[in-house]
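Chemist: Based on what follows, work out the 3D shape:
(chains A, B, C and D)
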2 protein chains.
Amino acid sequence: MATLAEIAHRAGVSSALVSRVINNDGTLRVSRKTRENILKVAHELNYAPNVVAKSLRSSKSDTIAFVVHDAANPVYGEILRGAQAEAERRNKAILLGDSAAGNVGNSRLAQMIGGCGVDGLILQAAGIQADNLIIKAAHQKVPVVQLQTDIGLGGSLIQLPDIPAAEMATRHLRELGHRTIGCLATSEGLTFTEGRMQGWRNEMGAAADPSLVAHAAPFAAEGASVTRELLLRRPDITGLVCFNVVAAIGAMRAANALGLDVPQDLSIVSIHDMKFAGDLKVPLTVVRMPLAEMGRVATKTVCIEASEIPARITIGTAPEFVQRQSTAVPGRV
Amino acid sequence: MATLAEIAHRAGVSSALVSRVINNDGTLRVSRKTRENILKVAHELNYAPNVVAKSLRSSKSDTIAFVVHDAANPVYGEILRGAQAEAERRNKAILLGDSAAGNVGNSRLAQMIGGCGVDGLILQAAGIQADNLIIKAAHQKVPVVQLQTDIGLGGSLIQLPDIPAAEMATRHLRELGHRTIGCLATSEGLTFTEGRMQGWRNEMGAAADPSLVAHAAPFAAEGASVTRELLLRRPDITGLVCFNVVAAIGAMRAANALGLDVPQDLSIVSIHDMKFAGDLKVPLTVVRMPLAEMGRVATKTVCIEASEIPARITIGTAPEFVQRQSTAVPGRV
DNA sequence: AAATCGTGGTAAATCGCTTTACCAATCTTT
DNA sequence: AAAGATTGGTAAAGCGATTTACCACGATTT
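Modeler: From the prediction side, this is the model:
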C-alpha cells in the first residue's frame, strides 16, 4: 500500500508536504504545479491514508463501541439503528459487542476499550455483571454513555420517557374499564424498570397491589413462564402491562396456554413497538418508545467533549400509543 | 494512560525489557526480581497496551468489518450472531456497517477498510451497488468474503444450501397436493436467487411456468405488493414458495387483503426461519437455513491467510423443514 | 592469563502520519 | 544596497509498542 513517503519520493518532495497538501493545510503556501503533481501521484498510487497511523498520531480512533446484552432483541436493534445513523453523520465507525454472547471482558473489544482503540462506549447494560472486565476496562478511560439503566459507571445516563409510557399503557387499560391490572415488569433494580413501575403505580393508585407485579428478563420464554405464574396467582387479572415487547409475546403464549383468549379474557399492552407486532396472532397494542432517537442521542453524547457530558438525559419525544387488537373492554368480571 | 516507557522509567529499566516481559518473550533471560518488579509496576499503573500502536507496528488490527445491506432484517441478524460468536472465539472485534443506511462508501468504515483499519471484510451485498466506494476501498486491499451472492469482488463466496432448501419447500407443497405453485423470489440476478429458483424448477418440472415467478426485495411491503400482483395474474396459484421470510410476511398480508385464507386458499412456505414466526397470525411453515453457521464460517474464512481463502464454500449443514400452520392440502381446486 | 561463555539486560530502528519550527531563495521596499 | 517580506518548501520530533542486534560483566575453562 502506498504511503506518504512513497508519494513524496515519486513526486520529489518531502512527505511533510504531501501530508499538508492532502489534508488541505490552510497555512501552507505551495505552488499550483507542485500541489497538482502531488495529487496526481497520490491518485495514481491509489493512496488511502493509514487510519491506524493517523489514530496513533491523533489519539483518536473515530470509532465508538456499542455494547448491548442481547443483540437479537428487536428493541436493541432499533436503538442500534439510530446510533448507527448518527455515527454515519459524524463519520464514526461502530464496533459492536454483545455482552450476552460470552465473556466480553476478555475480548478484543475490551482490549480496544481499555487501550485507546475507541473514543467512547455506549452501553446497554441490563444483564451485564458489574464486575465484568469490560467495565473495568472502560472505567475512567473513555467517555461512557449508559442506556436506560445506571450501573454506576459514571458518565451519562440516557433515559426514555419511562414514567409517561407506563402511565399511558396503564391508563389505556383503565379507560377500557379494567381495574385489576397486572404488571409484567423487566428485571428488578434496573433504572427503567423502576421508572415504569412508578408509572404503573401512578395510574393504579390504591389498586397497585405488589402481588400484581412480576419480573421477567426480556425473553419470550421467560415472559411466558413468569406470566403463567402471575395469572395463576391472581386469576382476577383482566389486563396486563408488559415492559418489554418480547416478554409480551411470551405473555400471549402463556395466556393461550391457560386457555385464555386475548383480548377477550386478558388484555395485553406492551411498551415498545416491534416490526411485525401487527402480524402476530393477536396484533399487539403497544406504547411505542423513541428508540432510534435514543440511539442517535447516545452517539451524539458520547462524541462530545467528555467534560461536557451531562449526567442525565431524558429523551423528550413523547411515547406514542398504537392501538391494535390485544386490548379490549374486559369480558369477564 | 500508562505507557511502556512510563513503567520502564518507574521500574528503572528500558521499555524494551518491559515489553518483552509483558509479552512473555521466550527468548528473554531476566532475573526473577526484575520481572516481578516490572509486573508489579505495570499492575499498579493499571497498564493496558495501546492497541493502536500495536496495530501500527504489527500491521494488523484484529478487527473485521461486517457489512449488511439492511441490519434490521432478522435473517442478517442471525448471520451476524454467528459471525460475532466466531469473532469472539478468535479474539477479533466486529465493525458493523449497514449499506442501506446511507452512503457507506464515504464513511469512516470505508476509510478503515481502505486504510489498514480492518483485517478483513464480510459483505452481505444484496442491494449494494457495485460501484459503491466501499467496494473500491476493499478492492485488493483486504481479504473479502461475500455472503450469498457474488458481486465480483474477488475473494471468497459463501453459499447456503439454496437448491436443496428451495427443493424442500417446493416438494412439501407438492406432497400436499399443490400443483400450481408460485415463487416469490428475491431480487433477480443474485446468486442465491438463482440457486433457489433452480431448486423450485427442479421440483416443478414441466409445471415451472415463468409467469409463476415474481421478484421482491426482502421487505414486507414489497413482498405484499409483488404477491398481490402475482396472485391477480395467476389466481390459480394455491401454494407459494417465498425466498425470504420477511417477504413471506408481506405475502400473508397480501393474501389476507385479497380475502384469501392462509392456508385454506393459499399455502405459504418460506425459506429462513425467524424468531416469532410461530407467533404470527398464521404460524409460518419454513425451511430453516444454517444462518448462524454461515456467519461463523464467514469469520473463520476471512481470518485465514488471504492466499488460502477458497473461492467458494457451500455450507454443508442441510436445511431443516419446520412445519407450522401456513401450509395445508389445497382447499380450492 | 587469555579466551570463552552465560546472564541480564539495552539501544535504536521501525510502523505511517502530523506538526512545529525553521530556512533558502526571491522579491519589495526605503 | 541593505533590510524586510514573501514564496515555497524541509527537517525532525513525536505517537507507543516491538524487535533485532548488540554489549557489559562476572564466572568458567584452557
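
Chemist: And the host helix or strand of residue A:297, what's buried?
Modeler: In the assignment (DSSP states H and E), residue A:297 maps to helix A:291-303. By neighbour count with 16 or more other Cβ atoms under 10 Å in any protein chain shown, helix A:291-303 contains the buried residues A:291-303. In this view, the C-beta of every residue, glycine as well, is placed from N, C-alpha and C.

Chemist: and what of stretch A:229-245?
Modeler: A:230, A:231, A:237, A:238, A:239, A:240, A:241, A:242, A:243, A:244, A:245.

Chemist: Could you measure from the first one over to residue B:240?
Modeler: With distances taken as Cβ to Cβ, to the nearest Å, residue A:230 is found 40 Å from residue B:240.

Chemist: cool, and residue A:262?
Modeler: From residue A:262 to residue B:240 the distance is 28 Å (Cβ to Cβ).

Chemist: quick check, nearest of the buried residues of stretch A:229-245 to DNA strand D?
Modeler: For those, the closest approach to DNA strand D (Cβ to the nearest atom of the strand) belongs to residue A:244, at 41.7 Å.

Chemist: Quick one: find the helix or strand in chain A with the lowest mean pLDDT.
Modeler: In chain A, the helix or strand scored least confidently by mean pLDDT, DSSP states H and E is helix A:133-138, which has a mean of 62.

Chemist: Just after that one, pick out the following helix or strand.
Modeler: Next along from helix A:133-138, by DSSP H and E: strand A:144-147.

Chemist: which helices and strands sit right next to that next one?
Modeler: strand A:120-124, strand A:156-159, helix A:291-303 (3 or more Cβ pairs under 8 Å, 6 or more residues apart in numbering or on different chains; DSSP states H and E).

Chemist: so what's the closest residue to DNA strand C within the stretch 51-200 of chain A closest to, chain neighbours aside?
Modeler: Closest residue of the stretch 51-200 of chain A to DNA strand C, Cβ to the nearest atom of the strand: residue A:53 (3.4 Å). Nearest residue to residue A:53, sequence neighbours excluded (Cβ to Cβ, 6 or more residues apart in numbering or on different chains): residue B:56, at 5.6 Å.

Chemist: Report the secondary structure element holding the one you found.
Modeler: With DSSP H and E as the criterion, the answer for residue B:56 is helix B:51-58.

Chemist: how about residue A:95, secondary structure?
Modeler: Classification of residue A:95 using DSSP: H, G, I helix; E, B strand; the rest coil returns strand.

Chemist: where does it land on pLDDT?
Modeler: According to the prediction, residue A:95 has pLDDT 95.

Chemist: For it, give its distance to chain B.
Modeler: In this view, residue A:95 and chain B are 5 Å apart by Cβ to the nearest Cβ, to the nearest Å.

Chemist: All the helices of chain A, residue numbers only.
Modeler: Along chain A, counting by DSSP state H, helices occupy A:4-11, A:15-22, A:32-44, A:51-58, A:74-89, A:108-114, A:133-138, A:162-176, A:191-204, A:220-233, A:245-257, A:291-303.

Chemist: Mind checking if the longest one is in reach of chain B?
Modeler: Right, the one you point to is helix A:74-89. Yes: Helix A:74-89 comes into contact with chain B (Cβ under 8 Å from any Cβ of the partner chain), by way of A:77, A:80, A:81, A:84, A:85, A:87, A:88.

Chemist: Return the residues of chain A in contact with DNA strand D.
Modeler: Neighbours of DNA strand D within chain A, by Cβ under 7 Å from any atom of the strand: A:12-17, A:20, A:28-31, A:33-34, A:53, A:56-57, A:59.

Chemist: redo that, cut-off 6 Å
Modeler: Contact residues, chain A versus DNA strand D (Cβ under 6 Å from any atom of the strand): A:13, A:14, A:16, A:17, A:29, A:30, A:31, A:34, A:56, A:57.

Chemist: The second one: what's its closest spatial neighbour, skipping adjacent residues?
Modeler: Ranked by Cβ to Cβ, 6+ apart and with sequence neighbours excluded, the top spatial neighbour of residue A:14 is residue A:8, at 5.7 Å.
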